[in-house]
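J.: Compute the structure for the input listed below.
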Amino acid sequence: MEEKTSLKKTKQSIKRETLNYLGLNKFIAMYLIIRMHLYCAKTMPFDFGIRSCEFLFISSGFLIGYNHYKRPFELTHLTPFKYAYKHLRLFYPYYLLNLFFGLYLNKSNIQLNPTNIQLLIINLLLLANWSSHRAVARFYFGISWFLDNIFYCYFLSPFLLNSINNIKNSIKLFAIISLSRIGVEKFLYIGAYNVFDTNLHCGPIIRIFEFYMGMSMIPLFFHIKSRLDQFKNNLIFKIVFTIIQIVLPIFLWRIMIKYDKNLFRCYFLLILSTYTFVISYDYGYLSYISSLKIIKIIMSAQMEMYLIQMNIHLFFDMNFKKLNIKNIHGIYYYYLKLISIIIISFIYRIFYRDKLAILLDKLVNLFI
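T.: Residues are numbered from 1 along each chain as shown. Modelled structure (predicted):
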C-alpha cells in the first residue's frame, strides 16, 4: 500500500506545471468562436472565429509539446492509436450525442439514401474533412471538423514529438513549416483551390501545420525558461510580466483589426505563434488568477460548450419560431443560448462524461 502511494506521489511530482494564463487564453478563444457562431458574426471588427481556431491549434500543439518534451514515447504500431484514443475517449461519446441530436434537428431536410448514409458513416469515423464534399458531410453536425482535425493531430503527436529533440532542429522545423504554410496559401490564392480533395482551411493538412508550429517552439521555450526561472519570485519581475500579460492581448487585438483584410491568413500564424510563446511564461499575477480553482472550473467545460453550441443555436431558433416569440432578440437572445450551453455542458461533464468514457472503454475492449 505504501509502495503504491509512493509511486503515485512520484508520478505527480514529475508532472509539469499547468500553463494557467495560456489556458485562460484558450478558453477566451473558444468563447469568441461560440460568440461568432451565435451572435454578431456580420458586425465583428475582424474574423475572430478564424483567428481563434488558428490560436487553438497552435496552443494545443504547444501544450502537448510542453507536457511531453524530453519524455519520448516508446513508439510501436499501437502508440499513435493509444495516444489519440486517450484524448478522444472523453469527448467522442458527447460528440456522438450531438451528432445525432443535430441529425434529429435537421430531419426534415435529410433524405434517407445511400449518399447520406455514407456521409453519416464518414462523420462517425471522424473523416469528414478528408472529403471534397465537406460542406455536405458536415451537414449532420456543422462544427465536427474541429474534433476531426484535433484527432488527426493527436494521432501524429507521438511521431512529431520525437522530431523536436533539440533547439537547432526545432527552429529549423519551425521555419520549414512556416514557409510551407505560406507557400500553400499563396499557391492556392493564385487559382489552385480545386487541387486538393479537401477544404483547405478546415481540413487536416493546414491544421497539422498550425499544431506542429506550436509544438516546435518548445525546446527554445524551455531553454529561455531555465534562465528566467531564477527571477520568478522577484516582485519587479512579476509586475513587469503582469504588464506584458495585460498589454500583449490588447496589442494582438489591434493588429487583428488593422491587418485583417491586408494579410494572408498564413502570416497571422507567425503572430499567433509569437503570442503563444510569450504568454506561456507563467510569471505574472494574471497567471496566479488563472490558477484559482473557480477559474479552472469555469474553463473546464470549454470543449463540451464548443460541441453543443450549434445544436442549441438551431434548437432555440426552431422552437422560438414555432412559438412566434419575437420580443427576445439580439444580445439577450444570445445570452439565453449561452447560459443554456454552459448549463448543459457542465451537467454532462460532471455527471456523464466519465461514465460514458468508461462505457466506451468497455466497448472498445470487446474488439481488441
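
J.: Longest helix in this structure, please.
T.: Longest helix in the chain by number of residues (criterion: DSSP state H): helix 235-259.

J.: Poorly predicted segments of the stretch 101-250 of the chain, please.
T.: Applying pLDDT under 70 to the stretch 101-250 of the chain flags the ranges 132-140, 142, 191-201.

J.: Could you pull out the helices in it for me?
T.: Applying DSSP state H, counting those that start in this stretch to the stretch 101-250 of the chain gives helices spanning 114-124, 134-137, 145-161, 167-189, 204-215, 218-228, 235-259.

J.: re earlier: tell me what the longest helix of the chain is packed against?
T.: For helix 235-259, the packing partners by 3 or more CB pairs under 8 Å, 6 or more residues apart in numbering; DSSP states H and E come out as helix 265-279, helix 285-290. Quick note: C-beta positions are derived from backbone N, CA and C, even for glycine.

J.: so of the helices of the stretch 101-250 of the chain, which one's packed in deepest?
T.: Mean neighbour count (mean count of other CB atoms under 10 Å) peaks for helix 204-215 among those, with a mean of 24.

J.: what angle separates that one from helix 167-189?
T.: 150 degrees (axes from the mean of the first three to the mean of the last three CA atoms, to 10 degrees).

J.: Output helix 204-215 as PDB, nothing but the C-alphas.
T.: Extracted in PDB, the C-alpha atoms of helix 204-215 (Å, rounded to 0.1, in the frame of the first residue of the first chain):
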ATOM      1  CA  PRO A 204      -6.300  18.300 -41.700                       C
ATOM      2  CA  ILE A 205      -3.400  19.400 -43.900                       C
ATOM      3  CA  ILE A 206      -3.400  23.000 -42.800                       C
ATOM      4  CA  ARG A 207      -4.300  22.300 -39.100                       C
ATOM      5  CA  ILE A 208      -1.400  19.900 -38.700                       C
ATOM      6  CA  PHE A 209       0.900  22.800 -39.900                       C
ATOM      7  CA  GLU A 210      -0.500  25.000 -37.100                       C
ATOM      8  CA  PHE A 211      -0.400  22.300 -34.500                       C
ATOM      9  CA  TYR A 212       3.300  21.400 -35.400                       C
ATOM     10  CA  MET A 213       4.300  25.100 -35.400                       C
ATOM     11  CA  GLY A 214       3.200  25.300 -31.700                       C
ATOM     12  CA  MET A 215       5.000  22.100 -30.800                       C
END
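
J.: want to throw the helices and strands packed on helix 235-259 into TSV with mean neighbour count and mean pLDDT?
T.: Below are the helices and strands packed on helix 235-259 laid out as TSV (neighbours: other CB atoms under 10 Å; pLDDT from 0 to 100):
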stretch	mean neighbour count	mean pLDDT
helix 265-279	20	92
helix 285-290	18	95
